[in-house]
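Trainee: Provided below are the primary sequence and the corresponding predicted coordinates.
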Amino acid sequence: EATQIQFWHAFTGRLGELLDKQVADFNASQDQYEVVATLKGNYSEALNAGIAAFRAGEQPHILQVFEVGTATMMAAKGAIKPVYEVMAEAEADFDPSAYLAPVAGYYTNTDGEMLSLPYNSSTPVLYINKNALEAAGLDPETKPATWSEVEEILVKLKESGSECPLTTAWQSWIHLENLSAYHNVPFATEANGFAGTNTELAFNGDLQVKHIDKMGAWAKDGLFSYSGRRNEGGARFRSGECAMFTESSAGYAGVKAEADFPFTVTNLPYWADAEGAPFNTIIGGASLWVMSGHEGEEYAGVADFLNYLSSAEVQAQWHQDTGYLPITTAAYELTKEQGFYDENPGTDIAILQMTGKAPTDNSKGIRLGNFDQVRAIIDEELEAVWQGEKDAKTALDEAVNRGNQLLRRFEQSTR
Ligand SMILES: O=P(O)(O)OC[C@H](O)CO
């Protein structure tokens, strides 16, 4: 009988279908192991389910954790079995340098050891409904590079009757975390937490205040329409209601499957007056953590499955279907060879935007404890701006102060 491997994840919709297919293909490719994929809710819910299950001794073998939970998982030493160790014990053919540096770097400790397996890494991009541009009397091929250009388009969209010229998914990730990296200003001190847990939030600087202030004004003028904290805006873009949409590169999976209008995927816009901008954006998405407390034979199966997911063919197909980054150099090269980027313009935007410039201390990534809870505070404060209850500076100052208390709590818990 096949050894079962439990895999808990957070993918619904088109991404859920594609994940189920990968699992079915792996199961069909051999008869020693059977991976059982279980949906555990959204990213936060899946993370909490994994932690609660560990406490109850009922943890899965593999847990998908979004990038926000990385520091929490790294600190949960007894609960996890680092991927490099799983691979070494299984004597698997595993080469960490096969992974793209900015992706691997996110999930690697200071000794260069890979702790979790990069699986679905994304970066934010801008989606545009070409029909909406045309209806506003604009060239449907328009690709605004800067936020000032975006603003001019939003005004025309509104004049043409659009009730939702712009919406966004993941507001903190795109409009504060990536905004900061893209303009080379700190989101937090200590290299955004990569250099240590003694870190403080710093996203209430001039650039961030200016950007959130602008978005607040756009909300007031009916140019920006808020949809929710995660990717609720996706349905509104795919149905044609919203004309422009800032969202993960992986929003591509759903847009490609559902939108019945021509669309553009282009770079996340930047502020042209910021020196040196744009720098590179940072990753989001999730990685796969192996949990401790299982049998050796089961870990051999985990190693096989993770290697399967990383193989060039599987990873290239996943990248092409979902819009997630290709993860390994081999999958990237294979995708180029297959002519995918030429046939599907915009699909290489994410990887180019991530890797265009050498990362700085502000654009390597973000590694903060209690980050999911910090994001909830940020969401609350941003919502107050969109509703016209707070100005941008007050909201960001309060988010920084409230968030810092959670960072201190995390630091104390790791001592
Ligand atoms: O939609 P995803 O999977 O690319 O994730 C977006 C954000 O990184 C979530 O924190």
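Mentor: Structure's in. What do you need? Residues are numbered from 1 along each chain as shown.
Trainee: so whichever residue of the chain sits closest to the ligand bridges to which residues?
Mentor: When scored by CB to the nearest ligand atom, the chain has residue 284 as its residue closest to the ligand, at 2.0 Å. The way it works is simple: take the backbone N, C-alpha and C, and place the C-beta from them, glycine included. Counting by DSSP bridges, residue 284 forms beta bridges with residue 122.
Trainee: Who are the contact partners of the residue nearest the centre of the chain?
Mentor: Centroid-nearest residue in the chain, with CA atoms, centre = their mean: residue 284, separated by 2.2 Å. By CB atoms under 8 Å, 6 or more residues apart in numbering, the contact set of residue 284 is 66-67, 121-124, 170, 173, 248.
Trainee: Among these, name the buried ones.
Mentor: Neighbour-count burial (16 or more other CB atoms under 10 Å) applied to the contacts of residue 284 gives 66-67, 121-124, 170, 173, 248.
Trainee: so where do the helices sit in the stretch 251-400 of the chain?
Mentor: Ranges of helices within the stretch 251-400 of the chain are 251-258, 296-310, 312-322, 329-337, 340-343, 349-355, 371-386, 392-413, based on DSSP state H, counting those that start in this stretch.
Trainee: Would you format those helices as JSON lines with mean pLDDT included?
Mentor: Below are those laid out as JSON lines (pLDDT from 0 to 100):
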{"stretch": "helix 251-258", "mean pLDDT": "96"}
{"stretch": "helix 296-310", "mean pLDDT": "97"}
{"stretch": "helix 312-322", "mean pLDDT": "97"}
{"stretch": "helix 329-337", "mean pLDDT": "97"}
{"stretch": "helix 340-343", "mean pLDDT": "97"}
{"stretch": "helix 349-355", "mean pLDDT": "95"}
{"stretch": "helix 371-386", "mean pLDDT": "98"}
{"stretch": "helix 392-413", "mean pLDDT": "97"}
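Trainee: Output those helices in CSV, with mean neighbour count appended to each entry.
Mentor: Output for the helices of the stretch 251-400 of the chain, formatted as CSV (neighbours: other CB atoms under 10 Å):
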stretch, mean neighbour count
helix 251-258, 20
helix 296-310, 19
helix 312-322, 21
helix 329-337, 17
helix 340-343, 13
helix 349-355, 21
helix 371-386, 21
helix 392-413, 18
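Trainee: got these as CSV, with distance to the ligand columns?
Mentor: Shown next, in CSV, are these (distance: least, CB to the nearest ligand atom, whole Å):
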stretch, distance to the ligand
helix 251-258, 7
helix 296-310, 15
helix 312-322, 9
helix 329-337, 17
helix 340-343, 19
helix 349-355, 10
helix 371-386, 8
helix 392-413, 16
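Trainee: how about those in TSV, adding distance to residue 210?
Mentor: Shown next, in TSV, are those (distance: least, CB to CB, whole Å):
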stretch	distance to residue 210
helix 251-258	26
helix 296-310	41
helix 312-322	33
helix 329-337	35
helix 340-343	34
helix 349-355	21
helix 371-386	13
helix 392-413	8
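Trainee: The ligand contacts on the stretch 101-250 of the chain?
Mentor: 120, 122, 170, 173, 231, 248, 250 (CB under 6 Å from any ligand atom).
Trainee: For the fifth one, give me phi and psi.
Mentor: Same thing as residue 231. Residue 231 has phi and psi values of phi -110, psi 40 when expressed as degrees, to the nearest 10.
Trainee: What about it, how many residues nearby?
Mentor: Residue 231 has 20 neighbouring residues, counting by other CB atoms under 10 Å.
Trainee: Settle this for me: it is touching residue 246, isn't it.
Mentor: No - counting by CB atoms under 8 Å, residue 231 stays clear of residue 246, with 10.9 Å between them.
Trainee: Between the two, which contacts overlap?
Mentor: Common neighbours of residue 231 and residue 246 (CB under 8 Å, 6+ apart) are residue 169.
Trainee: Now do the strands in the protein.
Mentor: Ranges of strands in the chain, per DSSP state E, are 3-9, 33-39, 62-66, 117-122, 124-129, 164-168, 242-248, 263-266, 284-290.
Trainee: Thanks a lot, see you next time.
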